[in-house]
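Sequence first, predicted model second:
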Protein chains: 2
Amino acid sequence: MDESELPRVLQQLWGIEGRSRPGPKPAFHISDIARAAIKLADVGGLAAVSMSKVAAELGFTTMSLYRYVDAKDDLYVVMLEHAFGDPPALDPETGWRARITAWAEAFRDGLRRHPWILQIPVQEPPLSPNQLAWMESGLDAFAGTPLTPPDRLSAMLLVNIYVRGTAQLTAHMLTDPDAVRAADRLYTERLTMLATPDRFPGIAATLEQPLDEGYAGDFDAGEFTFGLDTVLDGIEARITRAPR
Amino acid sequence: MDESELPRVLQQLWGIEGRSRPGPKPAFHISDIARAAIKLADVGGLAAVSMSKVAAELGFTTMSLYRYVDAKDDLYVVMLEHAFGDPPALDPETGWRARITAWAEAFRDGLRRHPWILQIPVQEPPLSPNQLAWMESGLDAFAGTPLTPPDRLSAMLLVNIYVRGTAQLTAHMLTDPDAVRAADRLYTERLTMLATPDRFPGIAATLEQPLDEGYAGDFDAGEFTFGLDTVLDGIEARITRAPR
DNA sequence: GCACACTGTGTGCGGCATACACAGACCATA
DNA sequence: TATGGTCTGTGTATGCCGCACACAGTGTGC
C-alpha cells in the first residue's frame, strides 16, 4: 500500500509532495484553481464553471489546468474541499443534541453560501482533508453517548442527508429571493390547478392550509430546525434503547 | 389562470390536447421519447442520454425531438415521469408505519431500477401526473394519524429525503456488484491510511469495527430499514406529541 | 379547394472536455 | 560547470454536445 497510489488531486490536497524534481516550477497551486472556480460558481452556478473559464480567470490556457487536475471531476473535488471552512468547534460541555444541531447548521450555512455544491454529481465518498475533518467533527458530536462507532456514523449520515435534502428543496438553486417567491407562487397556482381534490385529496388538503410553506415554500430556519428535531428524536430513541 | 400557461411538456404529460390542428400528424409521442431515453440511461447512465442518441434510437433526427420537448431539461422531466411505475397500493388495514415503509421501499426499488434518476439535477418541484400520484400515495400513508396536512407533507418529505440520500450513498452509480466491492475495499484502504487515529479518532474508531459497512459499504436492506426506523421513530414522537 | 399552421429535416454555430505534439525551464547527476 | 532528462505551460485539433433557424412538405378548418 503506497501513498503514490492516491489520485494526484488527493496527493496535492494532502500536501504529499514528491522530492524536488527537474523541470519548471509550477506557476500556481490547486488552491488557486479552487479559488477561481468557486468564484465563478458563486456567481453563475456550477454551469458557469468550465475548464476554459477557470483557466481564463487565472490568466492561463485551458490545458494548463490538466497539469494539476486529471479531469473535470477532480476540479469538483478541489472546489468542494475549499468551499467549506473549518468544521465548527463543538462545545463539549453541551449535550449531543446541541452539538449535532450546531454541526448541522454550520453545514447548512456552507450550502447556503455555495449552492452549487448541491449540483455537483456525487461520485465518490470523501477522502480530502477538510471533508474528513467535517466527518470527524460530526462523529465527535456523539461523544459521550452510548452509541457504537458505526451507529454514530449512521446517525451523522442521517443528519448529513437531512441537511442536504432540505437544502435541495429550499434552494431550487436560486439566490434571488424575489425569484424564489415568484416561482413559489407559480408552483402553488399550478399545483392547485392540477391536484384537484377528487383525484389528489391529500395534496389538496395540504394546499388549503393558510401558509403554503413546505415543499416549494420558503424552507426557513424554523422549518429547518423543526424537521431536524424530528430526525434527532429518532436518534434519541435509538440512544435511549442502546445498552449503556 | 389558464391551462395554456403550462409548459408544453406538462401539457403533453397531462394529456391536455389542443383541438385538432392543421399540419402533419406527429410521428410519435413523448412517451416514445421517454422509452428510448430510459433505455439508454439504464445501460449507460444519464451521460449516455443525448438528444442525438435518443433521436437515433427512435429513428428520427435530433431536431425532431424539439417539437415535443422545449429543452434537454424537459427530457429529464419526461424520463422521470415514466421511470416510476404506479405508486404502491397501501393497505389501509395496517398502521401508518407499515404503509410509509412500503412506500419507501417501493421508492427505493424504483431508484435501484433506474439509478440515473439520482443523477438528474433537481430543478423544480414535481408537477407531472405520476409524480403527484406518488406524493399523494405518500401522504395517504399518514391517514388516520393526528398529523395536520402540512405535518404529513413534512413527514413524507423526510422519508423521501432519506430514501434518496441513502440510495445516493449506496449506488455510486455502479451496478456491477464486483466493482462496488472493489471500490469499497479501495476506499477503506485509503481511509485507513489517511484517517490516522491521532488526527481523526472518530473515523478511525469506525474503521476498527469488523464490518466496515456504512458510508462506503454495501448499504443493504437491513441497514436501510434500520435507518428508516430511526426516521420513523422521530415521526412517531411527533405523532405522539400531536393533539388528538 | 385553398390558406396556413404545423411537421420532420438539414445545416450550422458556439461551447465543451480533452488528446497530443512541442518549445522552453530547471534539477540531479556527471 | 555542463548536460540529459523531465516537467512546465502552450497551440492546435477532434469529436461531442445543445440548440437556433430556414425550409419543404403535410393535412385540417374554412
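Nice, thanks for sending it over.

C-alpha only now, for contacts and for neighbours.
Will do.

do you know how far the residue of chain A found nearest chain B is from A:Thr225?
Scanning chain A for the residue nearest chain B gives A:Gly234, at 3.8 Å (criterion: CA to the nearest CA). Distance of A:Gly234 to A:Thr225, given as CA to CA, to the nearest Å: 14 Å.

ok, and the closest non-adjacent residue to A:Leu58?
The shortest distance from A:Leu58 to any non-neighbouring residue, by CA to CA, 6 or more residues apart in numbering or on different chains, is to A:Ala36 (6.7 Å).

okay, A:Gly234 and A:Thr225: which has more neighbours?
Higher neighbour count among A:Gly234 and A:Thr225: A:Gly234, with 25 against 15, using other CA atoms under 10 Å in any protein chain shown.

Can you classify the more buried one as helix, strand or coil?
helix (DSSP: H, G, I helix; E, B strand; the rest coil).

which non-adjacent residue is nearest it?
That would be B:Gly234: by CA to CA, 6+ apart, it lies 3.8 Å from A:Gly234.

where in chain A is pLDDT low?
Residue ranges of chain A with pLDDT under 70: A:1-4, A:18-19, A:171-175, A:210-220.

Residues of it that sit close to DNA strand C?
With CA under 7 Å from any atom of the strand as the criterion, chain A meets DNA strand C at residues A:19-25, A:48-53, A:62-63, A:70-73.

Give me the buried entries from those residues.
Buried members of those, counted by 16 or more other CA atoms under 10 Å in any protein chain shown: A:Ala48, A:Val49, A:Ser50, A:Met51, A:Lys53.

rewinding a little: which ones are touching the residue of chain A closest to chain B?
B:Asp229, B:Thr230, B:Val231, B:Leu232, B:Asp233, B:Gly234, B:Ile235, B:Ala237 (CA atoms under 8 Å, 6 or more residues apart in numbering or on different chains).

so which of these is the most crowded?
That'd be B:Ile235 among the contacts of A:Gly234, by other CA under 10 Å, with 27 neighbours.

isn't that one right next to A:Thr230, touching?
Yes. When contacts are counted by CA atoms under 8 Å, B:Ile235 is listed as touching A:Thr230 (6.0 Å).

Might you calculate how far the lengthiest helix in chain A sits from the centre of the chain?
Looking across chain A with DSSP state H, the single longest helix is helix A:149-171. Distance, stretch centre to chain centre, for helix A:149-171: 10 Å (CA atoms, centre = their mean, to the nearest Å).

Past it, which element shows up next along the chain?
helix A:177-194 (DSSP states H and E).

now the closest residue to A:Gly45 other than its chain neighbours: how far from DNA strand C?
Once flanking residues are discounted, A:Gly45 sits nearest to A:Trp116: 5.4 Å by CA to CA, 6+ apart. Per CA to the nearest atom of the strand, to the nearest Å, A:Trp116 is found 14 Å from DNA strand C.

any idea how far A:Trp116 lies from DNA strand D?
Using CA to the nearest atom of the strand, A:Trp116 is found at 19 Å from DNA strand D.

So what touches stretch A:136-149?
For stretch A:136-149, the surrounding residues in contact (CA under 8 Å, 6+ apart) are A:87-90, A:96-97, A:99-100, A:103, A:152-153, A:156, A:239, A:242-244, B:200-203, B:205-206, B:209.

Centre of the chain to it, how far?
Chain-centre distance of stretch A:136-149: 20 Å, with CA atoms, centre = their mean.

What are the buried residues along that stretch?
A:Glu136, A:Ser137, A:Gly138, A:Leu139, A:Asp140, A:Ala141, A:Phe142, A:Ala143, A:Pro146, A:Leu147, A:Thr148, A:Pro149.

follow-up on the earlier one: and the longest helix of chain A with helix B:149-171, angle?
Orientation of helix A:149-171 against helix B:149-171 (axes from the mean of the first three to the mean of the last three CA atoms, to 10 degrees) gives an angle of 120 degrees.

how many neighbours does the nearest residue to A:Asn160 once chain neighbours are set aside have?
Of all residues beyond its chain neighbours, the one nearest A:Asn160 is A:Ala104 (7.2 Å), with distances taken as CA to CA, 6+ apart. Residues within reach of A:Ala104, counting by other CA under 10 Å, total 23.

DNA strand D versus A:Ala104, what's the distance?
Using CA to the nearest atom of the strand, A:Ala104 is found at 35 Å from DNA strand D.

In contact with that residue, which residues?
With contact set as CA under 8 Å, 6+ apart, A:Ala104 has these partners: A:Val159, A:Asn160, A:Val163.
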